[in-house]
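> A predicted structure for the sequence below; I have some questions about it.
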Amino acid sequence: MPAVRYRYRAYPSPGQVRALARAFGCARVVYNDAIRLRDTAYAAGEKLSDTEVQRRVVTLAKQTPERDWLAEVSSVVLVQACQDARRAFRNWFDSLSGKRKGRRVGHPRFRSRKDNRQSVRLTRNGFTVTARGVRVAKVGDVRLVWSRELPSIPSSATVIREADGRYYVSFVVDVAGEPYPAVSADVGIDLGLDRLATLSTGEIITNPRPLRSKQRHLSRAQRALARKRKGSSNRRKAARRVAVLHRTVRETRRDQHHKLAARLVRDNQAVYVEDLAVSGLARTTLARSVHDAGWAMLVGLIEEKAARRGRTVVRVGRFFPSSQVCSVCGVTDGPKPLPVRVWICAACTTTHDRDLNAARNILVEGRRIVAAGRAETENACGADVRPGPVPAVGVEAGTQRGAA
């Protein structure tokens with residue numbers, strides 16, 4: 001069963017807010033101590049086990065006057081901070097050695113008390129789900145708004161304080177897949193900036209541009225924040241106003257992507273989408289528009305929902321010339337600049353909408369990839385295809401070993 005996150009709004013009391021702030025601070029200190037200890041051991045050529053690191057930064061640290069206040073919070077919070085540091089170092093080393101794929105991971109950075117977002121992780125022995133909310137060790141019963149029921153017993157929980165001052169609790173639960181009934185429809189998707197998505201069926205989904213719609217308000221709030229004196233109460237209020245606007249943009253984008261991904265997965269048996277180099281496009285002059293569109297989020301949500309609903313998602317290679325091939329006759333007409341939105345095929349004189357033609361080509365290429373994979377699966381790959389021993393014919397002439 002796949003593990004998913006269920007997130008709920010939390011309303012801690014003033015006393016619980018202080019207890020959570022203490023937990024955030026202790027977890028941050030333990031994490032930084034673990035990073036510092038691992039760096040020192042690595043520079044000295046000393047190999048430290050995870051148990052030894054935890055013993056030094058938690059168990060022994062509690063016995064010193066400088067860190068005796070670590071005993072005021074749950075030990076689960078401190079142990080999970082050590083695990084976070086261990087995972088950060090493992091990702092860094094795996095990235096250096098090439099074991100970890102994707103973008104290069106840098107050295108773990110120290111956590112700062114000035115970070116607007118703080119969080120602590122808890123395992124099963126650090127929290128208990130109640131009818132009213134969740135009981136956190138050495139914090140108390142934190143009230144939650146149960147917007148939906150948990151499908152199963154959570155394996156871990158994360159208490160989060162966002163930059164806008166809101167508190168959330170995120171549970172990790174195992175959810176059984178519930179496949180949709182099989183349908184015969186497939187769809188190819190061409191992602192863009194002016195149009196968020198163009199489907200091979202001809203449907204055009206406009207780009208809502210949530211960041212652009214709030215850009216004027218954000219600019220005004222950020223200018224007001226820049227004028228406030230650092231460390232002042234007014235600066236904290238201005239920072240919270242900026243965070244609220246960013247939250248509005250983020251949640252608007254995520255809500256729209258969730259609804260679109262759910263509809264595409266529900267109505268189609270297979271979804272074919274182009275594998276765009278989002279990280280590369282985000283370094284161009286279109287960076288703000290690329291981030292505002294949220295292509296990676298949309299494709300990730302489609303894949304996540306398809307895995308739970310028994311659907312198929314195929315990513316077509318980014319070097320496939322979807323905008324250069326005529327979807328009617330298959331002739332490649334060459335590259336075209338972005339301002340060209342409509343073009344006429346020189347071979348069959350068909351007038352093409354650039355995005356719709358690309359979506360249809362992605363659909364055809366995706367089906368070809370699936371068919372090729374199915375043919376490879378159904379062939380004799382991996383089977384015992386070596387012919388067995390054949391008995392010799394009785395009248396077959398032998399070889400005289402003693403002959404010169």
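Sure, I can see it.
> just say helix, strand or coil for the most centrally placed residue in the chain.
For the chain, the residue nearest the mean C-alpha position is G300 (6.7 Å; CA atoms, centre = their mean). Following DSSP: H, G, I helix; E, B strand; the rest coil, the label given to G300 is helix.
> contacts only, for it.
Applying CB atoms under 8 Å, 6 or more residues apart in numbering to G300 gives no contacts. Glycine gets a C-beta too; all of them are placed from N, C-alpha and C.
> and it, how far is that from A306?
11 Å (CB to CB, to the nearest Å).
> how deep is the residue nearest to N116 when sequence neighbours are not counted tucked in, by neighbour count?
Distance criterion CB to CB, 6 or more residues apart in numbering; nearest residue to N116, sequence neighbours excluded, is A163 at 3.5 Å. Other residues near A163 come to 16 when the count uses other CB atoms under 10 Å.
> quick one: A163 is in a strand?
No: counting by three-state DSSP, A163 is located in no strand; its state is coil.
> was I right to think it contacts A239?
Yes: judged on CB atoms under 8 Å, A163 makes contact with A239 at a distance of 7.2 Å.
> give me the common contacts of the two.
N116.
> look up phi and psi at A3.
Torsion angles at A3 (phi, psi; degrees, to the nearest 10) stand at phi -90, psi 130.
> can you report how many residues lie near it?
12.
> excluding covalently adjacent residues, which one is nearest to T350?
V328 (4.7 Å).
> whoops, T198 was the one
Per CB to CB, 6+ apart, closest to T198 is D355, 3.8 Å.
> which residue ranges of the stretch 151-300 of the chain form helices?
Under the criterion DSSP state H, counting those that start in this stretch, helices of the stretch 151-300 of the chain are mapped to 210-213, 215-227, 233-267, 278-281, 287-293, 295-309.
> next up, the contacts around the closest residue in space to V249 that isn't next to it in sequence.
Distance criterion CB to CB, 6+ apart; nearest residue to V249, sequence neighbours excluded, is P210 at 4.7 Å. Counting by CB under 8 Å, 6+ apart, P210 touches 248-249, 252-253, 256, 292.
> hmm, try it at 10 Å
Counting by CB atoms under 10 Å, 6 or more residues apart in numbering, P210 touches 248-256, 292-294.
> among the residues you listed, who's most crowded?
Most neighbours among these, by other CB under 10 Å: A293, with 27 neighbours.
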